[in-house]
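Q: below is the structure, and that's it, no one-letter string:
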């Protein structure tokens, strides 16, 4: 009986140690993902008006490790580049009660987040969530014109708890 108890205790300690390192590994991977997100944009995933990918940037629209298995990229930002058409991004939520709301943001001229889209549903239902916004909102100076938004702009998608789900770049021509 003592051997069984000691074996059980050893097994329990190993399970706890393994699950703790797994969480730490996910935390480290999420931290690295977030560090990558806040680098300067250099390229973008080119898409047509239907959301079909023409040329993929492997750094765009990846799903953060924290959301792996719960969220997938349905269709990245399209059309990309845009000359003023409404931009659409589709996320596929696959996990029940896994995402609480959405906040889609970019940077303003002062380096602060500027809201592009907000979804207050908690949790988001399983299935596709379509995000739509006017590319004029990408203008860091808020001029209200498409010419002010021109250039390569980084877009971040967070849940309402401030966890980064994905990010990508949109070019406004």
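A: Noted; the coordinates are in hand. None of the values given here were measured: they were computed from a predicted structure. Numbering: from 1, shown residues only.
Q: burial count for residue 109?
A: Other residues near residue 109 number 10, with proximity taken as other Cβ atoms under 10 Å. (Each C-beta comes from the backbone N, C-alpha and C, glycine too.)
Q: show me what contacts it?
A: Under the criterion of Cβ atoms under 8 Å, 6 or more residues apart in numbering, the contact list for residue 109 reads 140-141.
Q: which residues of this structure score low on pLDDT?
A: For the chain, the stretches with pLDDT under 70 are 1-23.
Q: which residue ranges form the helices in this protein?
A: All helices of the chain, identified by DSSP state H, fall at 2-37, 146-149.
Q: residues making contact with the last one?
A: To tie it back to what came earlier, the one meant is helix 146-149. By Cβ under 8 Å, 6+ apart, the surrounding residues in contact with helix 146-149 are 83-84, 135-142, 172.
Q: which of those residues lies closest to residue 64?
A: For residue 64, the closest of the contacts of helix 146-149 turns out to be residue 138, at 21.8 Å, with distances computed as Cβ to Cβ.
Q: restricted to strands, list the contacts of helix 146-149.
A: Secondary structure assignment (DSSP state E) places residue 172 from the contacts of helix 146-149 within strands.
Q: please check the contacts of helix 146-149 and keep the buried ones.
A: Neighbour counting with 16 or more other Cβ atoms under 10 Å marks 135-140, 172 as buried within the contacts of helix 146-149.
Q: max pairwise distance over those residues: which two?
A: 135 and 140 (12.5 Å).
Q: returning to what we had before: adding distance to residue 113 as columns, could you present the buried ones among the contacts of helix 146-149 in a markdown table?
A: Conversion of the buried ones among the contacts of helix 146-149 to a markdown table gives the following (distance: Cβ to Cβ, whole Å):
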| residue | distance to residue 113 |
| --- | --- |
| 135 | 17 |
| 136 | 17 |
| 137 | 12 |
| 138 | 13 |
| 139 | 14 |
| 140 | 11 |
| 172 | 18 |
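Q: and the gap between residue 29 and residue 66?
A: 8 Å (Cβ to Cβ, to the nearest Å).
Q: then residue 57?
A: The span separating residue 57 from residue 66 equals 22 Å under the rule Cβ to Cβ.
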